[in-house]
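Asks: Model the following, please.
(one chain, ligands or ions: 1)
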Amino acid sequence: MTEPPQRARAEEPEPADEADRADEAGEAEESAGTGEPPAVRCTGLRYSFGATKAVDDLDLAVRAGEVFGLLGPNGAGKTTAIRAVTTLLPVPAGMIRVFGHDAAKEKMAVRRLLGYVPQALSADSGLTGRENVSLFARVFDVSRRERAARVAEALEAVALTDAADRMAATYSGGMVRRLELAQALVSAPRLLILDEPTIGLDPIARTSVWDRINEIKRATGMTVLVTTHYMDEAEQHCDRVALMHRGRIRALGTPERLKADLADVLESPTLEDVFRHHAGSGLTGSPSDNADGEDFRDVRRTRRTASRVG
Ligand SMILES: Nc1ncnc2c1ncn2[C@@H]1O[C@H](COP(=O)(O)OP(=O)(O)OP(=O)(O)O)[C@@H](O)[C@H]1O
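Replies: Numbers count the residues shown, from 1 in each chain. Predicted coordinates:
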């Protein structure tokens, strides 16, 4: 990855016209012909841990059926935002709606619509793959009559049928991640939320996880909301991305559009260049805006060493 020239940080991209802006922000989804509410709508979402504003006035609409990527460095607020969407963090009414249901007022309705793969390990190494998925089927109230078939389908969808009756402790990192996907899929969610689904995986395992996600999305029309540090994955697999920094969305749009917006100031910009432009000193003019000095490359290096499987 090449270093972006300094001038890219000092110049703002050309603003898009209002209609495009609204469309990029997801505001036009209801007039897009489906009449369906967005999969997720956050309106002025705020969440603080004591004095730390983890999410600060976030507006976002994820369209039904898209793969939406939330990108940002450590501490940007991505996990906090998606945990609020899952209802695991309480927020006041009116801030989050999932397929039209208010996350504060209709918590159970929202929970029934989504599958969540957290960043932390959620599979039990002392159970087989099938037992792990069955456990989630029970937790998510999949009827006893349907359970065995749904578990088998979920394992099949992530290509773990052959390994289903082996202990999860014998799985590779990529297989564990696919198992966690199966756990989230067993309740047939309309919205799949994935927090760093490929963290710590080698490139082949990363590809295999994304292949499964894309196939499931094609087969079911499921909406996918994903956080990732991997810009290449976001470019390749996300329909739209939001770049988040210090609790706020700094840019939002298709990867192509965000790069095109920067084309006037940088030759062949990458998504990483776009992020640097928006989250670096370019936004505030203050060099201290990225005072911790950490960028995606640092994050990627750190996370590559992360041990995912126990
Ligand atoms: N349980 C908590 N208690 C106190 N502060 C927290 C807690 N969880 C998150 N924070 C703080 O909130 C901010 C946002 O954290 P969050 O985990 O949402 O970021 P993130 O973008 O998901 O980062 P990462 O990629 O490292 O997971 C950070 O400053 C973090 O230190």
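Asks: got the buried residues for stretch 56-70?
Replies: 58-70 (16 or more other CB atoms under 10 Å). For every residue, glycine as well, the C-beta is placed using N, CA and C.
Asks: Neighbours of the residue nearest to A169 when sequence neighbours are not counted, how many?
Replies: Nearest residue to A169, sequence neighbours excluded (CB to CB, 6 or more residues apart in numbering): S125, at 3.9 Å. Applying other CB atoms under 10 Å, we find 14 residues neighbouring S125.
Asks: quick one: S125 and the ligand, what's the gap?
Replies: According to CB to the nearest ligand atom, to the nearest Å, S125 stands 23 Å off from the ligand.
Asks: could you say what helices and strands the strand or helix carrying V176 packs with?
Replies: Element membership for V176, per DSSP states H and E: helix 173-185. If you count contacts as 3 or more CB pairs under 8 Å, 6 or more residues apart in numbering; DSSP states H and E, helix 173-185 packs onto strand 114-117, helix 129-139, helix 144-157, strand 191-195, helix 203-220.
Asks: Show me what the first one is in contact with.
Replies: Applying CB atoms under 8 Å, 6 or more residues apart in numbering, the contact partners of strand 114-117 are 82, 85-86, 88, 98, 177, 180-181, 183-187, 189-195, 197.
Asks: Of those residues, just the buried ones, PyMOL syntax please.
Replies: Remark: buried members of those, expressed as a PyMOL selection using 16+ other CB under 10 Å:
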select buried, resi 82+85+86+98+177+180+181+183+184+185+186+187+189+190+191+192+193+194+195+197
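Asks: Spell out which parts of this protein neighbour the ligand.
Replies: F49, T52, A54, G72, N74, G75, A76, G77, K78, T79, T80 (CB under 6 Å from any ligand atom).
Asks: do that again at 5 Å, thanks
Replies: Contacts of the chain with the ligand, taken as CB under 5 Å from any ligand atom, map to F49, T52, A54, N74, G75, A76, G77, K78, T79, T80.
Asks: Secondary structure element holding the most centrally placed residue in the chain?
Replies: The centroid of the chain falls nearest to V226 when counting by CA atoms, centre = their mean (1.4 Å). Counting by DSSP H and E, the element that carries V226 is strand 223-228.
Asks: Any chance you could give me the helix or strand that that strand is followed by in PDB, C-alpha atoms only?
Replies: Using DSSP H and E, the helix or strand that follows strand 223-228 in sequence is helix 231-237. The C-alpha trace of helix 231-237 is given here as PDB (Å, rounded to 0.1, in the frame of the first residue of the first chain):
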ATOM      1  CA  MET A 231     -10.000  -2.400   3.600                       C
ATOM      2  CA  ASP A 232      -9.400  -4.900   0.900                       C
ATOM      3  CA  GLU A 233     -12.300  -7.000   2.200                       C
ATOM      4  CA  ALA A 234     -14.500  -4.000   2.500                       C
ATOM      5  CA  GLU A 235     -13.800  -3.000  -1.100                       C
ATOM      6  CA  GLN A 236     -14.400  -6.500  -2.400                       C
ATOM      7  CA  HIS A 237     -17.500  -7.500  -0.500                       C
END
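Asks: Wait, R83 touches V91, no?
Replies: No - counting by CB atoms under 8 Å, R83 stays clear of V91, with 9.9 Å between them.
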